[in-house]
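> Output the structure for:
(chains A, B, C and D, ligands or ions: 2)
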Protein chains: 2
Amino acid sequence: MKFSKATNYALHSMLHLAATKSNTPVGVQVLAKKQDISPTYLSKILTKLAKEGMINSVSGANGGYTLSHGWESISFLDIIHAIEGKSSLFACYNHGPGCPIQKVMLNSEVKMEEELKKYTIADLI
Amino acid sequence: MKFSKATNYALHSMLHLAATKSNTPVGVQVLAKKQDISPTYLSKILTKLAKEGMINSVSGANGGYTLSHGWESISFLDIIHAIEGKSSLFACYNHGPGCPIQKVMLNSEVKMEEELKKYTIADLI
DNA sequence: TTAATCACAGACAATTAGACTCTTTGATTA
DNA sequence: TAATCAAAGAGTCTAATTGTCTGTGATTAA
Ligand code: SF4
Ligand code: SF4
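Ligands and ions are numbered 1, 2, ... in the order given. Modelled structure (predicted):
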């Protein structure tokens, strides 16, 4: 029961992109060095974000990543979902929707998600 | 980012103990069979709960587990903490308490915990 | 047109955490 | 005294996480 490091990296990368208010792409080298991790690994993570349309990737020299149009409305939850997936935190083996344990666990999860949905990276800068 | 199966087992065991309103101990064999898992593995999980004082263990023939005094006030969160530990879901590497990312993540986590604190196994029966 | 610089992809390796099993010990009871 | 229980520790198996390595294709600057 932990958020993965990848989620941490994704959040920080998004924050960095949002903080550097520029429309010139930021390379993965820069993002990786800032977080002291491998560029190739971070690349995979950023590719996930790109596939979800949160960032744009620019190939070639002076390429890198830029925030996509409408980035201001990307929530923490969106980023987390892109990395961790959207399945429930509580795995029950489907004994039906009426189960009381399931109900409490899922409900609590929703409370967290509601909060994560409220905040965007734009709120941080 | 998943609750462990152990947490599921612990919750179900507690629910079973609470549902069988009897002061004679319930053996791990019974609890394990009901959940279709190994008794020795479940034993380890129940030992954690016992160490936190949530249940009492009775050795010897006709032994097993009983709910401890005051069990009605044991919350979901208590049980989860006993199994998963109490550390934060979001591991940051301590860049200080002022960090905006940290603030959002921890706050969301608290929202979930508040909800998990509201409910007890007693509420389910 | 060539060389450098970038993202992307896939295969792989290392590490860690989760989910168990096996076996022994010690307490309690019949 | 034998059977029945929980507790504890070592060890195993598996899956997920966290990476690395290498090659490919796009873009740009020289
Ligand atoms: S929580 Fe409910 S639905 Fe999930 S495994 Fe348990 S009994 Fe089944
Ligand atoms: S979230 Fe904040 S405190 Fe945590 S690692 Fe990132 S910058 Fe540091």
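> The longest helix seen in chain A near chain B at all?
Counting by DSSP state H, the longest helix found in chain A is helix A:100-118. Yes - using Cβ under 8 Å from any Cβ of the partner chain, helix A:100-118 comes into contact with chain B via A:100-101, A:104-105, A:107-109, A:111-116. Glycine gets a C-beta too; all of them are placed from N, C-alpha and C.
> what do you get for stretch A:84-97?
Yes - Stretch A:84-97 is in contact with chain B by Cβ under 8 Å from any Cβ, via A:84, A:89-92.
> and DNA strand D, which of the residues you listed reach it?
Applying Cβ under 7 Å from any atom of the strand to those, one finds that residue A:84 fall near DNA strand D.
> Drop anything exposed from the residues of stretch A:84-97 next to chain B.
Burial by neighbour count, judged by 16 or more other Cβ atoms under 10 Å in any protein chain shown, picks out A:84, A:89-90, A:92 from these.
> now the residues you listed as JSON lines including secondary structure, pLDDT and distance to residue A:32?
Shown next, in JSON lines, are those (DSSP: H, G, I helix; E, B strand; the rest coil; pLDDT from 0 to 100; distance: Cβ to Cβ, whole Å):
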{"residue": "A:84", "secondary structure": "helix", "pLDDT": "97", "distance to residue A:32": "20"}
{"residue": "A:89", "secondary structure": "coil", "pLDDT": "96", "distance to residue A:32": "29"}
{"residue": "A:90", "secondary structure": "coil", "pLDDT": "95", "distance to residue A:32": "34"}
{"residue": "A:92", "secondary structure": "coil", "pLDDT": "84", "distance to residue A:32": "38"}
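> which one of those sits closest to residue B:24?
Distance to residue B:24 across those (Cβ to Cβ) is lowest for residue A:92, with 28.8 Å.
> what's the nearest residue to the closest one if we skip its chain neighbours?
Of all residues not flanking residue A:92 in the chain, residue A:102 sits nearest, at 5.2 Å (Cβ to Cβ, 6 or more residues apart in numbering or on different chains).
> how many other residues sit next to the one you found?
Residue A:102 is flanked by 18 other residues according to other Cβ atoms under 10 Å in any protein chain shown.
> The residue in chain A positioned nearest to DNA strand C: what secondary structure?
Per Cβ to the nearest atom of the strand, residue A:57 is where chain A lies closest to DNA strand C, at 3.0 Å. For residue A:57, the assignment made with DSSP: H, G, I helix; E, B strand; the rest coil gives strand.
> mind checking how far it is from residue A:37?
In this view, residue A:57 and residue A:37 are 18 Å apart by Cβ to Cβ, to the nearest Å.
> for residue A:83, same thing?
Taken as Cβ to Cβ, the span from residue A:83 to residue A:37 is 14 Å.
> Quick check on these two: which one has the bigger neighbour count.
residue A:83 (20 against 17).
> Now that one: which helix or strand?
helix A:76-84 (DSSP states H and E).
> anything in that helix near DNA strand C?
No - Helix A:76-84 lies out of reach of DNA strand C by Cβ under 7 Å from any atom of the strand, never closer than 13.2 Å.
> That helix packs against which elements?
helix A:5-19, helix A:39-51, helix A:100-118, helix B:100-118 (3 or more Cβ pairs under 8 Å, 6 or more residues apart in numbering or on different chains; DSSP states H and E).
> which non-adjacent residue is nearest residue A:49?
Nearest to residue A:49 is residue A:55, by Cβ to Cβ, 6+ apart, at 5.0 Å.
> mind listing what the one you found touches?
Contact partners of residue A:55, counting by Cβ atoms under 8 Å, 6 or more residues apart in numbering or on different chains, are A:14, A:17, A:46, A:49, A:65-68, A:71.
> what's across from it in the sheet?
residue A:67 (DSSP bridges).
> Check it and give its pLDDT.
For residue A:55, the model assigns a pLDDT of 97.
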